[in-house]
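Enquirer: What follows is a predicted structure for the sequence shown.
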Amino acid sequence: MTQITNSRRYDIDWLRTLAFGILIFYHLGMYYVYDWCWHIKSEHQAQFVWLQDLMILTGPWRMSLLFFISGIALALVADKYSQGSLVRLRSARLFIPLLFGMFVIVAPQTYFEAQDQELIQPGYWTFWVDYINPWTSLLVEHHSIMGLLTWNHLWFLPYLWLYSLLVIGFMPWLNRLGASNWLSNVKGRWVLFTVISVQICAWYFLKKAFPSTHDLVQDLYNHAKYLPVFIGGYLLARQGKWWQQVIAWRHVFLVVAVLGYVFLLLDRHGAFAPLAAQFDTNIAIKLFYGVIGATGYWAWILACVGLAGHYLNLPSKLLSYTDKAILPWYMLHQTLIIVAAANLKALQLSPGFEALVILLLTLAGCYLGYEIIRRVPLLRWLCGLKNQPAQTKTALAPQTPIA
């Protein structure tokens with residue numbers, strides 16, 4: 001068995017950077033895409049029906065990839081810290097930024113969403129006092145158990161924090177499992193069959209009964225989808241042989257993934273109408289769709305990991321920046337998109353030019369926001385950065401990544 005947990009894996013850093021980069025474009029697309037609910041919507045969305053076909057390319061597996069590489073990243077640092085130290089590090093990296101994000105960064109999203117729906121009067125600070133008050137009488141019909149307080153796009157942080165605590169708690173057992181000879185001797189195809197089967201079961205039994213809520217408590221389908229992926233990433237990093245097989249089979253996974261996407265597109269446009277008509281009444285056909293979906297789901301995840309492992313396991317000055325900046329950028333980007341979009345509506349720009357302006361403002365805001373955050377010790381702590389100058393870290397120093 002080839003152990004790789006003591007090696008710095010630049011490919012995982014690159015993959016995390018690229019995945020979060022795609023997230024910026026995805027959330028910009030959510031403003032324009034036709035007939036998909038989001039916090040605010042463009043008046044031009046009828047011109048972007050085609051955008052659905054593009055966004056479903058990554059929609060089914062994008063967040064699962066982040067959980068998968070999060071599990072890998074945790075495994076890569078697991079041998080360097082005690083369980084207690086890992087809990088403290090993950091809490092500082094995830095839970096504190098979550099609280100700061102909910103109270104400060106996410107608040108404008110709720111404000112502009114309510115403004116867009118003409119539910120409140122202008123006045124941000126008056127709104128914010130109500131937003132942080134769990135007993136407020138403002139917009140009662142929109143309350144959760146926390147009142148108006150929400151984590152919106154930051155839902156990834158509490159899920160990742162919870163999964164990290166679970167894995168850290170069972171880490172001695174998982175490490176023994178990962179190092180066991182019998183697991184090392186299990187052929188990759190049987191491991192792949194197992195994870196695909198788990199995904200099919202989660203989809204078949206839980207998706208309709210527990211639609212996605214991102215509320216952490218009642219989100220059973222998402223937990224059944226993301227937690228096994230997170231654990232799978234952790235175990236992959238403990239089994240060097242499996243990881244090498246994923247890299248070796250990267251092109252096969254990519255072909256299967258693309259074929260699955262083509263099937264999804266054709267099905268969406270009625271090419272298999274006789275099959276789709278029997279989806280709710282014929283178990284065999286429903287399972288057929290489940291097999292196609294789950295296979296494509298895992299094929300995309302493994303294709304990304306395999307391609308990154310082959311082509312991207314290299315250091316870079318750009319990577320040195322993004323590896324530190326990614327969490328603040330993630331925290332800021334959706335708020336910047338919504339604030340920019342809401343304020344540009346009145347200018348009635350052409351949709352293409354408007355989208356470009358929103359993107360540029362978002363990227364500039366993320367860059368400037370990070371430059372401020374990294375220079376202020378309190379903000380560094382609130383945004384999950386180590387409280388030390390970035391230039392004192394060496395390029396090969398092990399990181400404690402967000403994911």
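Expert: The structure has been received and is ready for your questions.

Enquirer: For stretch 350-370, which outside residues touch it?
Expert: 24-25, 28, 31-32, 42, 44, 47-48, 325, 328-329, 332-333, 336-337, 340-341, 344, 347, 349 (C-beta atoms under 8 Å, 6 or more residues apart in numbering). For every residue, glycine as well, the C-beta is placed using N, CA and C.

Enquirer: What about these, which are in helices?
Expert: 24-25, 28, 31-32, 325, 328-329, 332-333, 336-337, 340-341, 344 (DSSP state H).

Enquirer: contacting residues for residue 307?
Expert: 250, 254.

Enquirer: can you tell me the helix or strand for it?
Expert: helix 283-311 (DSSP states H and E).

Enquirer: May I see the buried residues of that helix?
Expert: Judged by neighbour count using 16 or more other C-beta atoms under 10 Å, the buried positions of helix 283-311 are 285-286, 289-290, 293-309.

Enquirer: Over to stretch 309-329?
Expert: 309, 312-313, 319-320, 322-329.

Enquirer: just those residues now: which is nearest residue 276?
Expert: residue 309 (36.7 Å; C-beta to C-beta).

Enquirer: Please verify my assumption that that closest one contacts residue 246.
Expert: Yes. Contact criterion C-beta atoms under 8 Å: residue 309 and residue 246 qualify, at 6.9 Å.

Enquirer: tell me the average confidence for stretch 274-281?
Expert: Average pLDDT, stretch 274-281: 95.

Enquirer: Now find how far off-centre that stretch is within its chain.
Expert: Here stretch 274-281 is found 31 Å from its chain centre; the criterion is C-alpha atoms, centre = their mean, to the nearest Å.

Enquirer: Report the contact partners of the spatially most central residue of the chain.
Expert: Nearest to the geometric centre of the chain sits residue 63, at 3.5 Å (C-alpha atoms, centre = their mean). Listed by C-beta under 8 Å, 6+ apart, the contact set of residue 63 reads 156, 226.

Enquirer: ok so it is a helix residue?
Expert: Yes. Remark: residue 63 belongs to a helix, assigned using DSSP: H, G, I helix; E, B strand; the rest coil.

Enquirer: any idea how far it lies from residue 307?
Expert: 19 Å (C-beta to C-beta, to the nearest Å).

Enquirer: residue at max distance from the center of the protein?
Expert: The chain, C-alpha atoms, centre = their mean, max distance from centroid: residue 274 (34.5 Å).

Enquirer: Doesn't that one belong to a helix?
Expert: Yes. Assessed by three-state DSSP, residue 274 belongs to a helix.

Enquirer: can you count the residues close to residue 282?
Expert: Neighbourhood size, residue 282 [other C-beta atoms under 10 Å]: 12.

Enquirer: hey, C-alpha coordinates of the helix or strand containing residue 257 in CSV?
Expert: Taking DSSP H and E as the criterion, residue 257 maps to helix 250-268. Presented in CSV, the C-alpha positions along helix 250-268 are these (Å, rounded to 0.1, in the frame of the first residue of the first chain):
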residue,chain,number,x,y,z
ARG,A,250,-9.1,9.6,-15.3
HIS,A,251,-10.0,9.5,-19.0
VAL,A,252,-12.4,6.6,-18.5
PHE,A,253,-14.1,8.5,-15.8
LEU,A,254,-14.2,11.6,-17.9
VAL,A,255,-15.8,9.8,-20.9
VAL,A,256,-18.5,8.2,-18.6
ALA,A,257,-19.2,11.6,-17.0
VAL,A,258,-19.6,13.3,-20.4
LEU,A,259,-21.9,10.5,-21.6
GLY,A,260,-24.0,10.9,-18.4
TYR,A,261,-24.3,14.7,-19.0
VAL,A,262,-25.3,14.1,-22.7
PHE,A,263,-28.0,11.6,-21.5
LEU,A,264,-29.3,14.2,-19.0
LEU,A,265,-29.4,16.9,-21.7
LEU,A,266,-31.2,14.6,-24.2
ASP,A,267,-33.7,13.6,-21.5
ARG,A,268,-34.4,17.2,-20.5
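
Enquirer: So what touches that helix?
Expert: 52-53, 56-57, 246, 272, 275-276, 292-293, 295-297, 299-300, 302-303, 306-307, 309-310.

Enquirer: now do 6 Å
Expert: Helix 250-268 is contacted by residues 53, 57, 292, 296, 299-300, 302-303, 306-307, 310 when judged by C-beta atoms under 6 Å, 6 or more residues apart in numbering.

Enquirer: buried residues in that helix?
Expert: Buried residues in helix 250-268 (16+ other C-beta under 10 Å): 250, 253-254, 256-257, 260-261, 263-264, 267.

Enquirer: Closest one to residue 233 out of those, please.
Expert: Checking these one by one against residue 233 (C-beta to C-beta), the nearest turns out to be residue 253, at 15.2 Å.

Enquirer: Tell me how far stretch 334-346 lies from the chain's centre.
Expert: 22 Å.

Enquirer: Wait, a helix at residue 164?
Expert: Yes. Assignment of residue 164 by three-state DSSP places it within a helix.

Enquirer: count of residues packed around residue 106?
Expert: Quick note: residue 106 (other C-beta under 10 Å) scores 23 neighbours.

Enquirer: and it, backbone torsions?
Expert: The phi/psi pair for residue 106 (degrees, to the nearest 10) reads phi -80, psi -20.

Enquirer: same question, residue 147
Expert: Residue torsions, per degrees, to the nearest 10, at residue 147 are phi 80, psi -130.

Enquirer: Would you check that it makes contact with residue 136?
Expert: Yes. At 5.5 Å, residue 147 counts as touching residue 136 under the criterion of C-beta atoms under 6 Å.

Enquirer: between the two, who's got more neighbours?
Expert: residue 147 (19 against 16).

Enquirer: for residue 100, what are its contacts?
Expert: residue 382.

Enquirer: Which helix or strand contains it?
Expert: Applying DSSP H and E, one finds residue 100 within helix 96-100.

Enquirer: Using neighbour counts, pick out the buried residues of the lowest-mean-pLDDT helix or strand in the chain.
Expert: Of all helical and strand segments in the chain, the minimum by mean pLDDT, DSSP states H and E falls on helix 181-185, at a mean of 84. Judged by neighbour count (16+ other C-beta under 10 Å), helix 181-185 contains these buried residues: residue 183.
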